[in-house]
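Visitor: Sharing a model that was predicted from the sequence below.
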Protein chains: 2
Amino acid sequence: MDNKLMLMIPGPTPVPEQVLLALAKHPIGHRSGEFSQIMAEVTQNLKWLHQTQNDVLVLTASGTGAMEAGIINFLSPGDRVLVGCNGKFGDRWADLSAAFGLEVEKITADWGKPLDTEQFREKLSADTEKKIKAVIITHSETSTGVLNDVETVNRYVKDHGEALIIVDAVTSLGAVNLPVDAWGLDVVASGSQKGYMIPPGLGFVCVSPKAWEAYKTAKLPRFYLDLGSYRKTAAKNTNPFTPPVNLVVALQAALRMMQAEGLEAIFARHQRLMRATRDAVKALSLPLFAPDDAASPAITAVIPSSVEAEQVRAVMKKHFDIVLAGGQDHLKGKIFRIGHLGFVSERDILAAIGALEASLGELGYESMTPGAGLAAAARVFAQS
Amino acid sequence: MDNKLMLMIPGPTPVPEQVLLALAKHPIGHRSGEFSQIMAEVTQNLKWLHQTQNDVLVLTASGTGAMEAGIINFLSPGDRVLVGCNGKFGDRWADLSAAFGLEVEKITADWGKPLDTEQFREKLSADTEKKIKAVIITHSETSTGVLNDVETVNRYVKDHGEALIIVDAVTSLGAVNLPVDAWGLDVVASGSQKGYMIPPGLGFVCVSPKAWEAYKTAKLPRFYLDLGSYRKTAAKNTNPFTPPVNLVVALQAALRMMQAEGLEAIFARHQRLMRATRDAVKALSLPLFAPDDAASPAITAVIPSSVEAEQVRAVMKKHFDIVLAGGQDHLKGKIFRIGHLGFVSERDILAAIGALEASLGELGYESMTPGAGLAAAARVFAQS
């Protein structure tokens, strides 16, 4: 049977029907009054989602493009940056920073473990000469399902006083509380195919007044990703370069849905989905890759021991049309990841856990009591 | 009446129903075998469209992003580039090059006039030290409706021997013949919302072996737009960063339509649409902005004298739901532009000319014989 595919990867995430229908509308001109009205509404709602009065700029780019914009607009060649590295994306921001001639100092943790905030405190408090210009940190590390403690790291950045904090919120925004203004976050980058519930193609960068100050003297070359152009045109509800009109119309529909649900409800739902998934996986005696106190509400990584991760993914896909993510880089073949980000309901988790139990059974996995996973998930949903 | 809008701007261009429906399909995972199959087909068809065996890489970006990739991947700070400037986009590539620290030498012509190929010949033949590393030229200058003579300029670039030719083919690809291999073009950039008949959001860069040689030593910093990453992953029919899956599926549908029509037929259709539009405009005694021998098959700019350009646009929009483009920069309010690029039929031109006559009449324009525009367009269609 075709078209019954269920995506449980960390992006693209499932897209609601009304968003798909909005996407399929005939494009309108991006220099029209009609489109400016849409941009105005979308920008307002993006600020709501980011809990900020700062600029939130819309780029035609993937999340990596948004992060690149978030880095290169505020720094100059040779600037020192502290980069938190405990997964594929942290490593990517270190590579990106190095590619642009920044002096990268990594703070590392094993993949699957959260970054140690104390190491940030030490580095930042030792930097009396204020050479560290930015701290770059991934909130939800998609490759491992770890949620890094941005709130604490940000406190140390604030104590430092000079450095900007640049946050990869690609799989955290719209899944977990990230109050930009309350915390005073300088740069927050995200992508459309995650909590936003729309297909990939849009990147977002939220920029604080302090970051705009740094922008004035930042010397890394930029043009397509020059956020100054985006700010200038955003003031007139337009764009420096042709935006992906259809995706923006889809975004409008998705943001309206998010507003109707409410931020607190969205965060609570992701917490429930995460807890149900994790409790179910534990009940099936499968080891979780990230610890409970640093678990991402976007994605749960499982590192099975007596069954092959890739076999689990294969059976889930073949038999039940559920797409799970595999491991990346050195985790390839070692873990599987269950995405529960965006347009995901409790029923979806029950379906996924049911299919996981059935798949494990098919693979001869013996360390479980059939039904235990489903029961554990159901318990979480009953409590909340 | 809602939803009867007819876009006759140079992008976004009208999107066929089957492409919109492809766009609205639930996204699939971009790391799946299914998506790789789509990428393989799309890449093959992109090569067909470019008439090349060179790499054609797909980026999540606007046309400007594609052009930036086409420039920064092959050059180093301080490199001298010749940039053809006879409109907004030529100027943009000069600004972009300067932003990246290239030494820009402009070859200019008045907006509305084609670039003088002789000036390229002189500069290139005088450069015996081979300091010119690239010639950057806009094929169809969207802001003025001028088609620059890339073929001749390219011959001089080939005589030079060292310089690369980097072509902005954003509104020419899929509208006018641009045989990449036959001409030996090094870098050709384009965008999805033009001849491709899909919404904005994808950029394309076609890269020759000679350009890849230059890539090896090119030192401008890059990461998100590093074409090496795209080439590496394209070899496995995948992408370095999450692609806009839905737009790629739409692209697949659009390229199939283009193949069914055939390249020659597509070019001939655009020629007919251009000639009919120009003949009609002339028959209405409205001055054309670009000369006949350098007219773009993508867009026709009109510089009316006894009627206000913006009033024509306003009536066309309000009364007939036809969106024409206005002038950009210093041409704002002075010209209007009729797009006839992509999914545009002869009937669309008749409708537009009919509406133009009616609008001119409504505005009290007296220098025309009613029906003369339509008759002129019909004559072109009858001949072909």
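Guide: Yes, it's here.

Visitor: Enumerate the residues of the stretch 251-384 of chain A near chain B.
Guide: Within the stretch 251-384 of chain A, the positions adjacent to chain B are A:323, A:325-326 by Cβ under 8 Å from any Cβ of the partner chain. From N, CA and C alone the C-beta is placed, and that goes for glycine too.

Visitor: now, which of the residues you listed sits nearest chain B?
Guide: A:Val323 (5.2 Å; Cβ to the nearest Cβ).

Visitor: Show me the contact partners of the host helix or strand of the closest one.
Guide: Using DSSP states H and E, A:Val323 maps to strand A:322-326. Residues from elsewhere that reach strand A:322-326 (Cβ atoms under 8 Å, 6 or more residues apart in numbering or on different chains): A:5-10, A:299, A:309-310, A:312-313, A:316-317, A:332-333, A:335-339, A:351-352, A:355, B:28-29, B:31-32.

Visitor: Show me those residues that map onto strands.
Guide: A:6-8, A:299, A:336-339 (DSSP state E).

Visitor: what about the strands in chain A?
Guide: Under DSSP E, chain A gives strands at A:6-8, A:55-60, A:80-85, A:103-108, A:132-138, A:140-141, A:146-147, A:164-168, A:187-191, A:202-207, A:299-302, A:322-326, A:336-339.

Visitor: pLDDT of the second one, averaged?
Guide: Okay, so that is strand A:55-60. Summarised as a single mean, pLDDT over strand A:55-60 is 98.

Visitor: The residue nearest to A:His330 when sequence neighbours are not counted: how many residues sit nearby?
Guide: Distances taken as Cβ to Cβ, 6 or more residues apart in numbering or on different chains put A:Trp111 closest to A:His330, at 7.6 Å, once the chain neighbours are dropped. Using other Cβ atoms under 10 Å in any protein chain shown, A:Trp111 has 25 neighbouring residues.

Visitor: Name all residues that make contact with A:Trp111.
Guide: Taking Cβ under 8 Å, 6+ apart, we find A:Trp111 in contact with A:86-87, A:143-144, A:330-331.

Visitor: Neighbour-wise, which one of the residues you listed leads?
Guide: A:Thr144 (31 neighbours).

Visitor: For the residue nearest to A:His330, grab phi and psi.
Guide: In terms of degrees, to the nearest 10, the main-chain angles of A:Trp111 are phi -60, psi 130.

Visitor: For the stretch 1-150 of chain A, list the residues in contact with chain B, please.
Guide: Selection of the stretch 1-150 of chain A residues close to chain B by Cβ under 8 Å from any Cβ yields A:3, A:5, A:7, A:9, A:11-12, A:14-15, A:20-21, A:23-32, A:60-65, A:68, A:95-96, A:99-101.

Visitor: could you redo the last one with a cut-off of 7 Å?
Guide: The stretch 1-150 of chain A comes close to chain B at residues A:5, A:7, A:9, A:11-12, A:15, A:20-21, A:23-24, A:26-30, A:32, A:60-65, A:68, A:96, A:99-101, as judged by Cβ under 7 Å from any Cβ of the partner chain.

Visitor: Inside helices: which ones of the residues you listed?
Guide: A:20-21, A:23, A:63-65, A:68, A:96, A:99 (DSSP state H).

Visitor: Could you dump those into TSV and include pLDDT?
Guide: Shown next, in TSV, are these (pLDDT from 0 to 100):
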residue	pLDDT
A:Leu20	97
A:Leu21	97
A:Leu23	97
A:Gly63	97
A:Thr64	98
A:Gly65	98
A:Glu68	98
A:Leu96	98
A:Ala99	98
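
Visitor: just to revisit the earlier point, out of the strands of chain A, which one sits most buried?
Guide: strand A:140-141 (a mean of 32; mean count of other Cβ atoms under 10 Å in any protein chain shown).

Visitor: That one pairs with which strands?
Guide: strand A:146-147 (antiparallel) (DSSP bridges).

Visitor: now the partner strand, how far from the centre of its chain.
Guide: 10 Å (Cα atoms, centre = their mean, to the nearest Å).

Visitor: Name all residues that make contact with the residue in the stretch 1-150 of chain A that chain B sits nearest to.
Guide: Going by Cβ to the nearest Cβ, chain B is nearest to A:Ala24 of the stretch 1-150 of chain A, at 3.5 Å. Neighbour list for A:Ala24: B:20-21, B:23-24 [criterion: Cβ atoms under 7 Å, 6 or more residues apart in numbering or on different chains].

Visitor: about what we covered before: could I get the residues of the stretch 251-384 of chain A next to chain B in CSV, plus columns for pLDDT?
Guide: Shown next, in CSV, are those (pLDDT from 0 to 100):
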residue, pLDDT
A:Val323, 96
A:Ala325, 97
A:Gly326, 97
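
Visitor: roughly how far apart are the residue of the stretch 1-150 of chain A closest to chain B and B:Gly29?
Guide: With distances taken as Cβ to Cβ, to the nearest Å, A:Ala24 is found 21 Å from B:Gly29.

Visitor: cool, A:Leu324 as well?
Guide: Plainly put, A:Leu324 is 10 Å away from B:Gly29 if you go by Cβ to Cβ.

Visitor: Can you pull the residues that touch both of these two?
Guide: Common neighbours of A:Leu324 and B:Gly29 (Cβ under 7 Å, 6+ apart) are A:Ile9.

Visitor: Stretch A:185-196 near chain B at all?
Guide: Yes: on the criterion Cβ under 7 Å from any Cβ, stretch A:185-196 is in touch with chain B at A:Gln193.

Visitor: residue boundaries of the helices in chain A?
Guide: Going by DSSP H, chain A shows helices at A:17-23, A:33-50, A:63-72, A:88-99, A:117-126, A:150-160, A:180-183, A:209-217, A:227-234, A:245-261, A:263-283, A:309-320, A:346-362, A:372-383.

Visitor: Could you chop chain A up by domain?
Guide: A:17-260, A:263-383 (automatic domain parsing).

Visitor: quick one, what contacts the nearest residue to A:Phe89 once chain neighbours are set aside?
Guide: Spatial nearest neighbour of A:Phe89, excluding adjacent residues (Cβ to Cβ, 6+ apart): A:Thr138 at 4.8 Å. Residues in contact with A:Thr138 (Cβ under 7 Å, 6+ apart) are A:84, A:87, A:89-90, A:93, A:148, A:168.
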